[in-house]
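Engineer: Need the 3D shape of this:
(chains A and B)
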Amino acid sequence: MVENTVDHDLIEAIQGGLPLVARPYAAIGQRIGLTESETIRRIAALIQEGAIKRFGVVVRHHELGYRANAMVVWDVPDHEVSALGRCLGRFDCVTLCYRRPRRPPHWPYNLFSMIHGRDRQTVLAHVAHIVEVCGLEDVRHEVLFSRRRFKQRGAFYQLPNRVPQVGVRRRSAEQDLLV
Amino acid sequence: MSVNTDEAATRLGELEKCLLNDFQREFPLSPTPYADIAARLGTTEQAVLETLERLQAQGVVSRIGPVFRPHRLGASLLAAMAVPAERLLEVAELVSGYPEVNHNYEREHRFNLWFVLTAASAGRIEEVLEEIEQRSGLPVMALPMVESYHADLGFDLKW
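Structural biologist: From the prediction side, this is the model:
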């Protein structure tokens, strides 16, 4: 957990994205009372500590022509889930791969993967390839293609004991909201 | 690619591709990141800024910034609902209305509404789920992450 106040301020200032100006870190720093070099140093530290898993251009798959995205869910024996999860996680087309709890009787699946492709056929071909490579022929699975996207934006963390930056938050949410 | 493609447009296309693919991670942490990117790509800072502005306006770029590791800054949760078809839009709007909800999709399944919540605390997420159940009159299936098998190093666009 990120605990200190400086980092909370910094996270709130950068979570909507860097401004497109010549000295973006100076601009961010100015909002929260840090110098440019302190701002850069703290962001580097958050990356180093793992609170930020990557820092850079965040693209939207759909707008780039990756029109099909499917959540593929697998009912994997509990003792094999870690090994199979790592096998799935190695594919380029798999953008997320998590173990989650089953919810019987409605939901028997314990391994979740997100697979992107230019169209449905490509995604289904990826699934068939993964089944073959990871040896999942006998594993029950379902492919849940996405139909409508009601909302998509980056996560907004409203940190404890902070005054919400309403203006920044609202602008950013609207910008990312594509119905 | 067409034979008659205008050379300037081609260059611009290449610049867009490089900006989209090559800077998803290891974005320069230098005082002038856009000028440094321009120097690496053999173009001007102004061209980089204008291109990124356009990509952002088009919605191709969501933002230039951090992707946080789940659970380090707060709580997050995947949830799903089986909504009768005739109520889907109404319930989806109810769910999207919460600032804690950052993704909300219709998927092809009996469980047809899937959304992700993030908040400072697990308690707040619990509150939102209960409210959604109460207001919609439908149960919500909570599916917390137990283990992650993917590092998210960005997405190779393979032009």
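
Engineer: In which helix or strand does the residue nearest to the spatial centre of chain B reside?
Structural biologist: Closest to where the C-alpha atoms of chain B average out (Cα atoms, centre = their mean) is B:Ser62, at 6.4 Å. Per DSSP states H and E: B:Ser62 is located in strand B:61-68.

Engineer: Tell me which strands that strand pairs with, and in which orientation.
Structural biologist: Partners of strand B:61-68 in the sheet, by DSSP bridges, are strand A:52-59 (antiparallel).

Engineer: Give the next helix or strand downstream of the strand it pairs with.
Structural biologist: Counting by DSSP H and E, what follows strand A:52-59 is strand A:68-74.

Engineer: That following strand vs chain B: in contact?
Structural biologist: Yes. Strand A:68-74 reaches chain B (Cβ under 8 Å from any Cβ of the partner chain) through A:Met71. In this view, the C-beta of every residue, glycine as well, is placed from N, C-alpha and C.

Engineer: tell me the domain boundaries of chain A?
Structural biologist: Residue ranges for the domains of chain A, per automatic domain parsing: A:1-58, A:61-145.

Engineer: now those domains as JSON lines including mean neighbour count and mean pLDDT?
Structural biologist: Shown next, in JSON lines, are these (neighbours: other Cβ atoms under 10 Å in any protein chain shown; pLDDT from 0 to 100):
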{"stretch": "domain A:1-58", "mean neighbour count": "17", "mean pLDDT": "90"}
{"stretch": "domain A:61-145", "mean neighbour count": "17", "mean pLDDT": "93"}
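
Engineer: Kindly provide the distance from B:His150 to B:Glu26.
Structural biologist: Per Cβ to Cβ, to the nearest Å, B:His150 is found 18 Å from B:Glu26.

Engineer: Please say which of these two ends up with more neighbours.
Structural biologist: B:His150 (18 against 12; other Cβ atoms under 10 Å in any protein chain shown).

Engineer: in which helix or strand would I find that one?
Structural biologist: Judged by DSSP H and E, B:His150 forms part of no helix or strand.

Engineer: my read: it touches A:Leu96, true?
Structural biologist: Yes. The pair B:His150 / A:Leu96 is scored as a contact, 5.6 Å apart, by Cβ atoms under 8 Å.

Engineer: Please enumerate the strands of chain A.
Structural biologist: A:52-59, A:68-74, A:94-99, A:111-117, A:141-152 (DSSP state E).

Engineer: Break down chain B into its strands, ranges please.
Structural biologist: Under DSSP E, chain B gives strands at B:61-68, B:75-81, B:101-107, B:113-119, B:141-143, B:147-148.

Engineer: Just send those back as a markdown table, with mean pLDDT too.
Structural biologist: Listed next are these as a markdown table, based on pLDDT from 0 to 100:
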| stretch | mean pLDDT |
| --- | --- |
| strand B:61-68 | 90 |
| strand B:75-81 | 93 |
| strand B:101-107 | 93 |
| strand B:113-119 | 93 |
| strand B:141-143 | 97 |
| strand B:147-148 | 88 |
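
Engineer: can you list those strands in a markdown table and add distance to B:Leu20?
Structural biologist: Shown next, in a markdown table, are these (distance: least, Cβ to Cβ, whole Å):
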| stretch | distance to B:Leu20 |
| --- | --- |
| strand B:61-68 | 7 |
| strand B:75-81 | 26 |
| strand B:101-107 | 21 |
| strand B:113-119 | 24 |
| strand B:141-143 | 31 |
| strand B:147-148 | 25 |
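
Engineer: picking up where we left off before, B:Glu50: which of the domains of chain A is closest?
Structural biologist: Minimum separation from B:Glu50 across the domains of chain A (Cβ to Cβ) falls at domain A:1-58, 8.8 Å.

Engineer: Residue of chain A nearest chain B, please.
Structural biologist: A:Gly17 (3.0 Å; Cβ to the nearest Cβ).

Engineer: Do I have it right that that residue meets B:Gly65?
Structural biologist: Yes. A:Gly17 is in contact with B:Gly65 according to Cβ under 8 Å; the separation is 4.1 Å.

Engineer: Whichever residue of chain B sits closest to chain A - how many residues pack around it?
Structural biologist: Distances between chain B and chain A by Cβ to the nearest Cβ are smallest at B:Arg63, namely 3.0 Å. Other residues near B:Arg63 come to 21 when the count uses other Cβ under 10 Å.

Engineer: just B:Glu106 next, same as before
Structural biologist: 19.

Engineer: Identify the bridge partners of it.
Structural biologist: Applying DSSP bridges, one finds that B:Glu106 bridges with B:Leu113.

Engineer: which residues touch it?
Structural biologist: Neighbouring residues of B:Glu106 by Cβ atoms under 8 Å, 6 or more residues apart in numbering or on different chains: A:146-150, B:88, B:92, B:112-114.

Engineer: Please convert the buried members of these into PyMOL selection syntax.
Structural biologist: To isolate the buried ones among the contacts of B:Glu106 in PyMOL, judged by 16 or more other Cβ atoms under 10 Å in any protein chain shown, type:
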select buried, (chain A and resi 146+149+150) or (chain B and resi 88+92+112+113+114)
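
Engineer: quick check, nearest of the contacts of B:Glu106 to A:Val57?
Structural biologist: For the contacts of B:Glu106, the nearest to A:Val57 is A:Arg149 (20.2 Å; Cβ to Cβ).

Engineer: Could you find the closest non-adjacent residue to that closest one?
Structural biologist: Among residues not flanking A:Arg149 along the chain, B:Tyr105 sits closest, at 5.5 Å (Cβ to Cβ, 6 or more residues apart in numbering or on different chains).
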